[in-house]
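A.B. asks: 3D model of this:
(2 chains)
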Protein chains: 2
Amino acid sequence: MNSEAINLKKVGMHKGLLYETIITTKNSDNIPNAAPIGVLCKSENEIVAYLYQGSHTLENIKLQKKFIVNIVNDPEVFVECTLSDPSPQHFKPYKDYFFLKNCAGYFTAELTDMKEVDRKDKLGSSNLNIIKAQVEDIFICQESIKPFNRASFAIIESLIYFTRLELADEKTRQKYLDRIREMSRLVNKVGGLKHKKAMATLLNRINK
Amino acid sequence: MNSEAINLKKVGMHKGLLYETIITTKNSDNIPNAAPIGVLCKSENEIVAYLYQGSHTLENIKLQKKFIVNIVNDPEVFVECTLSDPSPQHFKPYKDYFFLKNCAGYFTAELTDMKEVDRKDKLGSSNLNIIKAQVEDIFICQESIKPFNRASFAIIESLIYFTRLELADEKTRQKYLDRIREMSRLVNKVGGLKHKKAMATLLNRINK
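C.D. replies: Numbers count the residues shown, from 1 in each chain, chains lettered A, B, ... in the order given. Model prediction:
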């Protein structure tokens, strides 16, 4: 695959948006691992991900310096990979990698940079590694490929809360407003310019 | 269009799932109206929707006995139609109907049944009309057409809360569990069999 063919738009990923994907890696015994990870599309051939210290995915990437990002449309696969390690027959080898058999598409990525950061949130502080990687080979496995981005849903959820604001008592109203603010933070984290503009329009109306 | 061609699968809608759409109607003065409405795909050529008493959409459907369901991918359009009435230049006529210019696809629907019901929820009781309609003409306007269904999103959200459960203090943990239960109710309302199975797997794990 020549370099000009490498463009994440092929798998429906656009610059600046964060997508829910499943990253497959392998350990020193060649045992594959799969984990749901949010992947930020930094440019058409570069991605960024935040990985928790101590996770198998991070350990494997440190070791192998490469991994595969699987675009998965089926939420059942996300459940499976969150609750347990999928059995080996769910994986298929490609070159020196493994990918998920039932993915809609996948691409290989080569580690280019890694940085340790401390993140403090309401759950306490955690050790994160920011990894940057170069996209190499891109493959489409299913006709309809649409990577999961949570921004549109967050906007729809907010609109549903918005339409209920007037009907609600004060306590419920506060709960709905909290949820809209939470969804707004989510949109700013994972969405594109259009999502952010749409959310801003809604917040402006609410603040009036 | 002959009758065997009428199948909501053409616009990506599958039996048993509820989709977020925008319904366009018109009043007795031929003035178009657009409102975000959840539409349940009852069969390949039949839909069901719940409409609030007093809404323009319901009044117009009672009057005209027909309407258009627009499949819209752009969340900005949902925001616009929720916050205000879109200006006339956003509409385009088709036969005796209006549809939204920037929709990904649309279909005409003819009212076949209407029933008034009382719904009691935590926001009090409300007067709803359940309308049933027959799908007539289906049109695809954009290459990539994927109607909004909230079930996959609800599962992803639940998984994210699930992975945080262990890190959270007791109060936050309760909040996350409440949210997962809320998302579970949503999946049962809007999702298909696969979504419900995936959600059940997650709940089983949590209850263990």
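A.B. asks: Could you spell out the sheet neighbours of the host helix or strand of A:L40, each with its direction?
C.D. replies: Assigned by DSSP states H and E, A:L40 belongs to strand A:32-43. Partners of strand A:32-43 in the sheet, by DSSP bridges, are strand A:18-26 (antiparallel), strand A:46-52 (antiparallel).
A.B. asks: what's the longest one in contact with?
C.D. replies: The reference is to strand A:18-26. By C-beta atoms under 8 Å, 6 or more residues apart in numbering or on different chains, the surrounding residues in contact with strand A:18-26 are A:13, A:32-41, A:49, A:56-57, A:60-61, A:64, A:67-72, A:77-78, A:81, A:91, A:97-100, A:103, A:147-150, A:189-190, B:156. Quick note: C-beta positions are derived from backbone N, CA and C, even for glycine.
A.B. asks: interface residues of chain A facing chain B?
C.D. replies: Counting by C-beta under 8 Å from any C-beta of the partner chain, chain A comes close to chain B at A:20, A:36, A:73-76, A:78-80, A:82-83, A:122-124, A:126, A:144, A:146, A:148, A:150-153, A:155-157, A:159, A:162-164, A:167-168, A:172, A:194-195, A:197-199, A:201-202, A:205.
A.B. asks: Show me the residues you listed that map onto helices.
C.D. replies: If you go by DSSP state H, the residues of chain A next to chain B have A:75-76, A:78-80, A:82-83, A:151-153, A:155-157, A:159, A:162-164, A:172, A:194-195, A:197-199, A:201-202, A:205 in helices.
A.B. asks: What values do phi and psi take at the most far-flung residue of chain A relative to its centre?
C.D. replies: Using C-alpha atoms, centre = their mean, the residue of chain A lying farthest from its centre is A:D169. It sits 35.8 Å away. Main-chain dihedrals, A:D169, degrees, to the nearest 10: phi -80, psi 170.
A.B. asks: How about A:C141?
C.D. replies: Per degrees, to the nearest 10, the backbone of A:C141 is at phi -110, psi -30.
A.B. asks: Quick check: pLDDT value at the residue farthest from the centre of chain A.
C.D. replies: What the model reports as pLDDT for A:D169 is 93.
A.B. asks: low-confidence ranges in chain A?
C.D. replies: Residue ranges of chain A with pLDDT under 70: A:1-4, A:122-123.
A.B. asks: Let me see the domain layout of it.
C.D. replies: A:3-140, A:151-207 (automatic domain parsing).
A.B. asks: Reformat the ones you listed as TSV; add distance to B:I138.
C.D. replies: Listed next are these as TSV, based on distance: least, C-beta to C-beta, whole Å:
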stretch	distance to B:I138
domain A:3-140	23
domain A:151-207	23
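A.B. asks: So for B:L8, which of those domains sits nearest?
C.D. replies: Closest approach to B:L8 among the domains of chain A is made by domain A:3-140 (18.9 Å; C-beta to C-beta).
A.B. asks: which one is A:V69 nearest to, not counting chain neighbours?
C.D. replies: A:T21 (5.0 Å; C-beta to C-beta, 6 or more residues apart in numbering or on different chains).
A.B. asks: Kindly provide the distance from A:V117 to A:E20.
C.D. replies: 21 Å (C-beta to C-beta, to the nearest Å).
A.B. asks: Stretch A:18-35: end-to-end distance?
C.D. replies: In terms of C-alpha to C-alpha, to the nearest Å, the two terminal residues of stretch A:18-35 are separated by 16 Å.
A.B. asks: I figured A:I140 hits A:G105, correct?
C.D. replies: Yes: under the criterion of C-beta atoms under 8 Å, A:I140 makes contact with A:G105 at 4.5 Å.
A.B. asks: Which residue of these two possesses the greater neighbour count?
C.D. replies: A:G105 (22 against 16; other C-beta atoms under 10 Å in any protein chain shown).
A.B. asks: The more buried one touches A:D137, doesn't it?
C.D. replies: No: when contacts are counted by C-beta under 8 Å, A:G105 is not listed as touching A:D137 (11.2 Å).
A.B. asks: in stretch A:87-106, what counts as buried?
C.D. replies: A:90-92, A:97-100, A:103-106 (16 or more other C-beta atoms under 10 Å in any protein chain shown).
A.B. asks: Name the residues that touch it?
C.D. replies: A:10-11, A:22, A:24-26, A:31-32, A:34, A:64, A:66-74, A:77, A:86, A:108, A:137-142, A:144-146.
A.B. asks: try it again with 6 Å
C.D. replies: Identification of contacts with stretch A:87-106 by C-beta atoms under 6 Å, 6 or more residues apart in numbering or on different chains yields A:11, A:24, A:26, A:32, A:68, A:70-73, A:108, A:139-142, A:145.
A.B. asks: now do stretch A:168-187
C.D. replies: By C-beta under 6 Å, 6+ apart, stretch A:168-187 touches A:151, A:154, A:157-158, A:161, A:165, A:195, A:199, B:123.
A.B. asks: Next, format those residues as a markdown table and append neighbour count and distance to B:E182.
C.D. replies: Converted to a markdown table, the contacts of stretch A:168-187 look like this (neighbours: other C-beta atoms under 10 Å in any protein chain shown; distance: C-beta to C-beta, whole Å):
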| residue | neighbour count | distance to B:E182 |
| --- | --- | --- |
| A:A151 | 23 | 20 |
| A:A154 | 28 | 15 |
| A:E157 | 21 | 11 |
| A:S158 | 28 | 15 |
| A:Y161 | 20 | 12 |
| A:L165 | 13 | 17 |
| A:H195 | 24 | 23 |
| A:M199 | 26 | 21 |
| B:L123 | 13 | 14 |
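A.B. asks: ok so, going back, make a PyMOL selection of whichever of the contacts of stretch A:87-106 turn out to be buried.
C.D. replies: The PyMOL command for the buried members of these (criterion: 16+ other C-beta under 10 Å) is given here:
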select buried, chain A and resi 11+24+26+32+68+70+71+72+73+108+139+140+141+145
